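A.B. asks: build me a model from this:
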Amino acid sequence: MNDQSADFSRIHEDGSPERLAIDTIRTLAMDAVQKANSGHPGTPMALAPVAYTLWRDFLRYDPATPDWPDRDRFVLSVGHASMLLYAVLHLAGVIEIDADGKPTGAPAVSLEDIEQFRQMGSKTPGHPEYRMTTGVETTTGPLGQGCGNSVGMAIAERALAARFNRDGFDLFDHDVYVLCGDGDMMEGVSGEAASVAGHLKLSHLCWIYDSNHISIEGSTEIAFTEDVGLRFQAYGWNVLHVDDANDTAAFAQAIAAFKATDDRPTLIVVHSVIGWGSPRAGSEKAHGEALGEENVAKTKEAYGWPADRTFYVPEGVAEGFHDAIVARGRPARESWEAGFARYAEAFPAEATEFQLMREGRLPDGWEKAVPIFEADAKGIASRDAGGKVMNAIAPKLPMLIGGAADLSPSTKTDIKGAPSFEARDYGGRNLHFGVREHAMGSIANGMALSYLRSYTGTFLVFADYMRAPIRLAAIMEVPTIFVFTHDSIGVGEDGPTHQPIEHLATLRAIPGLDTIRPGDANETAVAWKVALTHTHEPTALILSRQAIPTIDRTKYAGADGVEKGGYVLGDCEGTPDLILIATGSELPLAVQAHETLTAEGVKSRVVSLPSWYLFERQDRAYRESVLPPGVTARLAIEQAGSLGWDRYVGTKGGTITMSTFGASAPLAKLQEKFGFTLDNVCKVARDLIGGADA
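C.D. replies: The predicted structure follows:
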């Protein structure tokens, strides 16, 4: 047993209200993990004093209204320690709210919910999940993501304050707290995010770093020996130390010091003993598995806790904890609501704007700003079209804020004429994430969780660097917009390191992510419109570097078909002999092939299929009207891997896709080498028709 946990006089319950509450959190965590025979008991046991002190004495939060806009945010980046959060939400008496933000009257986390920890359908899953459990501000588990989200939340707090606060009306002035651990600090995304936060001087942000020096494989000395505090000082953070997690007075002093700091974010390094008080204290065995019945009993005995009681909440513990939080949080919430009512009278336009943001709605008539592009054989790159669309609608949507990973001149994701979001101007709309794709994604998710319509920008090949936040956006059902340009071998001379091949397939494989690859400027305009009308889905907009002809919509179908994911762009009389299916820059090639084959007497149909996600949401009748089951000669054309296309071309169809990485060469040479030419498309199409007739 660790020396600190072996000090019996410090372990044993002293009967004070503070220790009773702290040990209740610890034992609830132990019992829940033990009953599930799965989970992580050690960190909740170690950090119970920290969570107790933060919530009871500092967090500005009203358990009866856990979604009021200016509440402090509490993020558990160490998501494996979920029982810490569930125990706190239970003892705080947080009330559940439904999907419409209405209180149900039920507890967010009941004692029965805790007893069902990690069970099917429970509100206490293995890692905290946004939307599933009231009081969970973001889905965490993949380490470092909560850290990144918190930076986005802190950015949103400053952006909202800059836009809406007025003299006498401080609508936004809340803090963002994060509990993180050694694993978070090892993951690169936390370093990227911390660097951004330090640069932006986000003084409302506080990370509480649980330095217990334990990872799954054992002591962190085997892999992690850096001085984290010095690293964060270099990032521009205020760094404080608490030598013992059980010293609630020292921790309270550190929080007070954070609240007095107004020029930088704060890192509080808290030294703890994992599994405090148990026979496994200070060991990796307290991390990722139940303690075991015998060890649970011994730990309760050491605490002076009834060894024969499980899920025991002593009388008065929950009431005392709840009342202390309410005494601070409820007056703050009521004052905010009264202040907002006065604000609405003084600034009705701004109040309406924020209410729309809070409800996830867009202002009336915004879509009228979406431009329409004239037919043009030369055309423009869809990245350029995307930039034009975004800038046309940006004045109508002040909540649209984002930027790129040092690539806005290439991704066209800057809002023209708008200032940059900087430490000296939190009213800016253009964020400079630097070359930090991973943090960019997680920061954007945090912004989306805080009323903003956030977007990011980078090359499609770098989606690999930010896949975790893209996936988590889909899990959380937040409408973050991920703009990816340079979408194919069309990047030419940059070569295979910059030419995405498998990326479309991997994005399309993420449930709940709408991946849209528009085929011309007007499809790009509709794609942006679709992305902004999503309320529960993130969107990946896949845009080209090279120019794409703007299709003549007086001759072919309108681009509004993008709203259904796929549509008949060009058709023939009667049943077609062949269906050409394409997305993105290959769509005009399919149109060319259609015209050539039609001139030869072939009955051809062109289907634009920019969003598989939206197309699969249409009813069967519509999908079969676009892709009639009886037409088996089908050819898909896309400068990406073939994976997934079999669902649309069937066993008798074919694809012109990529089966290798690309090459460094001019675009025309690449198209010829890999078969993306009119002659090859027509040849393969004729062969398919012949095969279907055989």
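
A.B. asks: and the residue nearest to Met45 when sequence neighbours are not counted, what element?
C.D. replies: Nearest residue to Met45, sequence neighbours excluded (Cβ to Cβ, 6 or more residues apart in numbering): Arg26, at 4.6 Å. In short, each C-beta sits where N, CA and C put it, glycine included. Assignment of secondary structure by DSSP states H and E places Arg26 within helix 17-36.

A.B. asks: ok, back up a step: okay, the residue nearest to Met45: pLDDT?
C.D. replies: At Arg26, the model reports a pLDDT of 98.

A.B. asks: and if you look at Gly218?
C.D. replies: Gly218 carries a pLDDT value of 88.

A.B. asks: and the one 4 residues further on, by the same measure?
C.D. replies: On the pLDDT scale, Ile222 is placed at 90.

A.B. asks: tell me the contacts of it?
C.D. replies: Neighbouring residues of Ile222 by Cβ atoms under 8 Å, 6 or more residues apart in numbering: Ser215.

A.B. asks: from here on, count from 27
C.D. replies: Sure, I'll start numbering at 27, so the last one becomes Ile248.

A.B. asks: thinking again about what came up before, list the buried residues of the helix holding Arg52.
C.D. replies: Judged by neighbour count using 16 or more other Cβ atoms under 10 Å, the buried positions of helix 43-62 are 45-62.

A.B. asks: the closest residue to His313 other than its chain neighbours: neighbour count?
C.D. replies: Excluding its sequence neighbours, the residue lying closest to His313 (Cβ to Cβ, 6+ apart) is Gly68, at 5.0 Å. Here the number of neighbours of Gly68 (other Cβ atoms under 10 Å) works out to 32.

A.B. asks: quick one: the closest residue to Gly587 other than its chain neighbours from Leu653, how far?
C.D. replies: Taking Cβ to Cβ, 6+ apart, and ignoring the residues beside it in sequence, Gly587 has Tyr593 as its nearest neighbour in space, at 2.7 Å. As judged by Cβ to Cβ, to the nearest Å, Tyr593 and Leu653 stand 11 Å apart.

A.B. asks: now do the phi/psi pair for Ile294.
C.D. replies: For Ile294, the backbone dihedrals are phi -110, psi 110 (criterion: degrees, to the nearest 10).

A.B. asks: which residues does it contact?
C.D. replies: The contact partners of Ile294, taken as Cβ under 8 Å, 6+ apart, are Cys232, Trp233, Ile234, Tyr235, Leu266, His267, Val268, Phe277, Ala280, Ile281, Phe284.

A.B. asks: the helix or strand the last one falls within packs against which elements?
C.D. replies: With secondary structure defined by DSSP H and E, Phe284 is part of helix 274-285. Taking 3 or more Cβ pairs under 8 Å, 6 or more residues apart in numbering; DSSP states H and E as the contact definition, the neighbouring helices and strands of helix 274-285 are helix 68-83, strand 264-268, strand 292-297.

A.B. asks: re earlier: and the residue nearest to Met71, how far is that from Thr378?
C.D. replies: In terms of Cβ to Cβ, Arg52 sits 47 Å off from Thr378.

A.B. asks: please enumerate the strands of the stretch 77-226 of the chain.
C.D. replies: For the stretch 77-226 of the chain, applying DSSP state E, counting those that start in this stretch gives strands covering 99-102, 121-123, 129-133, 202-207.

A.B. asks: can you put those in a markdown table and add mean pLDDT and distance to Thr150?
C.D. replies: Output for these, formatted as a markdown table (pLDDT from 0 to 100; distance: least, Cβ to Cβ, whole Å):
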| stretch | mean pLDDT | distance to Thr150 |
| --- | --- | --- |
| strand 99-102 | 98 | 13 |
| strand 121-123 | 97 | 13 |
| strand 129-133 | 96 | 12 |
| strand 202-207 | 98 | 17 |
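
A.B. asks: would you reformat those strands as TSV and include mean neighbour count?
C.D. replies: TSV is the format used below for these (neighbours: other Cβ atoms under 10 Å):
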stretch	mean neighbour count
strand 99-102	26
strand 121-123	19
strand 129-133	13
strand 202-207	27
